[in-house]
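A.B. asks: sequence first, then the predicted structure, then my questions.
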Amino acid sequence: MTSPRTLLVISAHAGDFVWRAGGAIALATSRGERAKVVCLSYGERGESAKAWRAGRTLQEIKAIRREEAEHAAAALGAEIEFLDAGDYPLVESRELVDRLVGVYREVVPDVVLTHPMADPYNGDHPAAARMALQARVLAQAIGYDAPGEPLGAPPVFFFEPHQPEQCDFKPDVLLDITPVFGAKRKAMECLPAQQHMWDYYTDLARRRGVQLKRNAGPNLGLAHDTIGEAYMRLYPQVTDVLS
Ligand SMILES: [Zn+2]
């Protein structure tokens, strides 16, 4: 028996994986695959404005965001790990990259999802992407000193940023998340600290669903109403069948 496929999601802040990749995660787990989310920080300083306005302390905010993200991950059927590296700024370090190498060697992902390399609105997102990509390459090196076997070359997909046009994000993969959108919405609702995002990302999923249909067509057997998530590939697709 081969072991089930695994999906690794590396996100800068506690909520990012939900808005941008919740559908991909729910799809994977609905097929019995393993999905692991790594949050480099809790988004405690930069993405928790509501809690700061309510007068919460830094420690309280971290605890709130952690609990919310744990609930969201559970709603998607995913494991979650927090590296508590701090945000705004998320500082890149050799130690943090090394911890990610350990994650790669332990999870042995078949697919990796992370932020795109550019985001002029949020420096933490590209910082997370750079560390995620560097760790993937280091984990492939037989001579790199970390437990486990050297990694293969899992494909990397960038998930959709909040302002795609400014982040050089042009979708080349539209993922049909129609059957699991209920789970994604439920996961979004686990994040009341960012309630303003629920409807925004529901609308975005509907728009991506319309584009998805436009690029496939009912003759491929797609349902009339589709919901989607957009991704960009970093490396070329490897296949022996073009369509
Ligand atoms: Zn973020």
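C.D. replies: Received, thanks. Residues are numbered from 1 along each chain as shown.
A.B. asks: what is the neighbour count of the closest residue to residue 43 other than its chain neighbours?
C.D. replies: Nearest residue to residue 43 in three dimensions, chain neighbours excluded: residue 13, at 3.0 Å (C-beta to C-beta, 6 or more residues apart in numbering). Heads up, the C-betas are built off the backbone N, CA and C, glycines and all. Neighbourhood size, residue 13 [other C-beta atoms under 10 Å]: 27.
A.B. asks: which pLDDT value belongs to residue 13?
C.D. replies: pLDDT recorded at residue 13 is 96.
A.B. asks: and residue 243, by the same measure?
C.D. replies: 77.
A.B. asks: mind listing what the residue nearest to residue 43 touches?
C.D. replies: When contacts are counted by C-beta atoms under 8 Å, 6 or more residues apart in numbering, residue 13 touches 39, 40, 41, 42, 43, 46, 47, 87, 124.
A.B. asks: make JSON lines from those and add pLDDT, secondary structure and distance to the ion to it.
C.D. replies: Conversion of those to JSON lines gives the following (pLDDT from 0 to 100; DSSP: H, G, I helix; E, B strand; the rest coil; distance: C-beta to the ion, whole Å):
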{"residue": "39", "pLDDT": "98", "secondary structure": "strand", "distance to the ion": "9"}
{"residue": "40", "pLDDT": "98", "secondary structure": "coil", "distance to the ion": "10"}
{"residue": "41", "pLDDT": "98", "secondary structure": "coil", "distance to the ion": "9"}
{"residue": "42", "pLDDT": "97", "secondary structure": "coil", "distance to the ion": "11"}
{"residue": "43", "pLDDT": "95", "secondary structure": "coil", "distance to the ion": "6"}
{"residue": "46", "pLDDT": "94", "secondary structure": "coil", "distance to the ion": "7"}
{"residue": "47", "pLDDT": "88", "secondary structure": "coil", "distance to the ion": "5"}
{"residue": "87", "pLDDT": "97", "secondary structure": "coil", "distance to the ion": "8"}
{"residue": "124", "pLDDT": "98", "secondary structure": "helix", "distance to the ion": "6"}
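A.B. asks: for the nearest residue to residue 111 once chain neighbours are set aside, phi and psi?
C.D. replies: Leaving aside its sequence neighbours, residue 111 sits nearest to residue 7 (C-beta to C-beta, 6+ apart; 5.1 Å). As for residue 7, its main-chain torsions (degrees, to the nearest 10) stand at phi -120, psi 130.
A.B. asks: am I right that residue 7 is in contact with residue 114?
C.D. replies: No: if you go by C-beta atoms under 8 Å, residue 7 and residue 114 don't touch, sitting 11.6 Å apart.
A.B. asks: those two - which one has more neighbours?
C.D. replies: Taking neighbours as other C-beta under 10 Å, residue 7 and residue 114 compare with residue 114 leading, 29 against 24.
A.B. asks: name the residues of the protein found near the ion, please.
C.D. replies: 12, 13, 16 (C-beta under 5 Å from the ion).
A.B. asks: which one's the longest helix in the chain?
C.D. replies: helix 58-76 (DSSP state H).
A.B. asks: so what strands line up beside the helix or strand following that helix?
C.D. replies: Per DSSP states H and E, the first helix or strand lying C-terminal to helix 58-76 is strand 79-82. Partners of strand 79-82 in the sheet, by DSSP bridges, are strand 34-39 (parallel).
A.B. asks: name the helices or strands packed onto the helix or strand just after the partner strand?
C.D. replies: Next helix or strand after strand 34-39 toward the C-terminus (DSSP H and E): helix 49-53. Counting contacts by 3 or more C-beta pairs under 8 Å, 6 or more residues apart in numbering; DSSP states H and E, helix 49-53 packs against helix 58-76.
A.B. asks: residue in this structure with the shortest distance to the ion?
C.D. replies: residue 13 (3.6 Å; C-beta to the ion).
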